[in-house]
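**Student:** Give me a 3D structure for the following:
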Amino acid sequence: MKFGQALAFSAGQTLKGTTRLMKPASSMTGLAMAAAAVLSLSLAPVAYGQDAPSPAAPAAPAVPAAPLPTVSESVAAIVNDDIVSTYDLVQRMRLLVLTAGMQPTQENLPQLQREALRGLIEERLELQELRRVEVENKIEIIASDEEVDEAIADMARGANNMTAEQLLAQLRAAGIGPETLRAQLRAEISWQGYISGRFRSRLRIGRDQIKATLDRLAAQASKPQYQISEVYIEASRVGGMQVAYQGAQTLIDQMQQGAPFAAVARQFSSSPTAASGGAAGWIGAGEMPTEVDSVLEQMGPGQLSPPIATRDGVYIIFLHEKRSGSSVQMVTLKQIAVPMPEDASAEQVQSAANTLEGLRSKVTGCADLEAKAGADPAVLAGDLGEAEITSLAEGFQQAIAATPDGQLSQAIRTPLGLHLVMVCGRRASGERLPTPEQVEARLMGVQLSNISKRILRDLRTSATIETR
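**Tutor:** Next comes the predicted model:
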């Protein structure tokens, strides 16, 4: 969950007051001006276990600690007759600032307001849809108070091993009411549970998909690879490419001033990797858009990219590590063989070839090779283990190069007999591919994320939404 995962990165940071939050009245909406006023009054310095600033460092303007200011509450948006108040909006902006580790400024305030309002509108749409499903199916989907309490307790343990009461006290010190967090968690828990419960059992990740993914990863293992984290701002979600690009630049400015990349990714990224703080793991050429590949080639470890515009949005990339890849390929092999001496007659060799060809149609893959072929007492069938391709006899190398993985090769004659081999796995030397189960889980997560986005997009299209 975005807030819970991000809090561990932001607990230990100090939110400092600022005297430059408000744009001139001519360039800000009344709502933005009200939000700026509330933020400037309520985001007083609140320390979370951080050492005091060095005396040599320039001190931020002192802002006296004060209770939440009293402001007149008005309507920020109406979502199918469901009201989002300005109080809701300001509270969510404070939560966003805290969890993303950002410093509110004149430049990023419109983005904070836009992101907070977008999140509130989406949550209203999600909960409205869940209530409709509950009524139609006479079931309970929306998370209970007990489930929300449990999520808060888990979150607190993950943030410096606190109790739920300590966590909520820290939120109050930052001017954030507990109900703001509870409302966000309730929507996230309920929607994720609904999407998973409704669609996971219907999705099928085929063996061909898993195999294709593993084959692609194995092929890329010999090419340059990059361990990255990403923030992806989808243009259609924020109001166009220009807004996405400007928003990406604002986030980069904040990260360069100390906002944690992972916390920013959790709150602002539209990618499925947002849930893991933007961590995308190791990728190879061709896995990202070509515009991103071009930038990665020029980056060094520890660098943060500029905004990278692609067809549908803008990326921010942080490069953790870079490796050139390995040219040594490892293969896992199984074989079917008919033993015979090196001086066997042509008739013996032909008889062995006929025996092996008769088994070709029976063996469908690595999983059943030993069971199907081993039933013939004249045939040896078994696992040859893993080996470097270059260490194999030339006949085996040629057969492996000419045969797709999971299929039996043409016959190979050696001094020991006649052989058919099957490649059951490939990898670059020194690198381990994910297991089929890990690949399946990754593909399932991407599909569920895409389904969630599609449903939410449809709900928004059909909704009546008025912003003020």
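**Student:** C-alpha from now on. contacts and neighbour counts both.
**Tutor:** Fine.
**Student:** which residues does the spatially most distant residue from the centre of the chain contact?
**Tutor:** Centroid-distance maximum for the chain: S345 at 60.8 Å, with Cα atoms, centre = their mean. Not one residue lies near S345 by Cα atoms under 8 Å, 6 or more residues apart in numbering.
**Student:** what's the pLDDT at it?
**Tutor:** S345 carries a pLDDT value of 95.
**Student:** Could you list the low-confidence segments of the stretch 101-250 of the chain?
**Tutor:** Counting by pLDDT under 70, the stretch 101-250 of the chain has low-confidence residues at 159, 221-222.
**Student:** follow-up on the earlier one: look up phi and psi at the residue farthest from the centre of the chain.
**Tutor:** phi -70, psi 160 (degrees, to the nearest 10).
**Student:** The closest residue to V331 other than its chain neighbours: how many residues sit nearby?
**Tutor:** In space, and not counting its chain neighbours, V331 is closest to R426: 4.5 Å by Cα to Cα, 6 or more residues apart in numbering. The tally of other residues near R426 (other Cα atoms under 10 Å) stands at 24.
**Student:** helix/strand/coil for R426?
**Tutor:** strand (DSSP: H, G, I helix; E, B strand; the rest coil).
**Student:** hang on, I283 in a strand?
**Tutor:** Yes: assignment of I283 by three-state DSSP places it within a strand.
**Student:** The residue nearest to V331 contacts A387, doesn't it?
**Tutor:** No: counting by Cα atoms under 8 Å, R426 does not reach A387; the two are 9.7 Å apart.
**Student:** Give me the phi and psi for the residue nearest to the spatial centre of the chain.
**Tutor:** Residue closest to the mean C-alpha point of the chain, counted by Cα atoms, centre = their mean, is T273 at 1.2 Å. T273 adopts backbone torsions of phi -70, psi -10, taken as degrees, to the nearest 10.
**Student:** Any figure for the gap between it and E230?
**Tutor:** Using Cα to Cα, to the nearest Å, we find T273 at a distance of 8 Å from E230.
**Student:** One more: E140?
**Tutor:** 36 Å.
**Student:** What of N354?
**Tutor:** 55 Å.
**Student:** same check, this time on N450
**Tutor:** Separation of N450 from E230 (Cα to Cα): 17 Å.
**Student:** Give me the more crowded residue out of those two.
**Tutor:** Comparing N450 with E230 by other Cα under 10 Å, the one with more neighbours is E230, at 26 against 14.
**Student:** Okay, now the sheet partners of the helix or strand hosting G382, with direction.
**Tutor:** G382 is located in strand 380-388, with elements delineated by DSSP states H and E. Strand 380-388 has the following sheet partners, assigned by DSSP bridges: strand 329-339 (antiparallel).
**Student:** can you list contacts of the partner strand?
**Tutor:** By Cα under 8 Å, 6+ apart, the residues outside strand 329-339 that reach it are 222, 352, 356, 366, 369, 373, 378-389, 416-429.
**Student:** what packs against the helix or strand following that strand?
**Tutor:** Using DSSP H and E, the next helix or strand after strand 329-339 towards the C-terminus is helix 346-360. Helices and strands touching helix 346-360, by 3 or more Cα pairs under 8 Å, 6 or more residues apart in numbering; DSSP states H and E, are strand 329-339, strand 417-428.
**Student:** what angle separates the longest one from strand 329-339?
**Tutor:** With axes from the mean of the first three to the mean of the last three Cα atoms, to 10 degrees defining the directions, strand 417-428 sits at 170 degrees from strand 329-339.
**Student:** So E466: helix, strand or coil?
**Tutor:** Recorded secondary structure, E466: strand (three-state DSSP).
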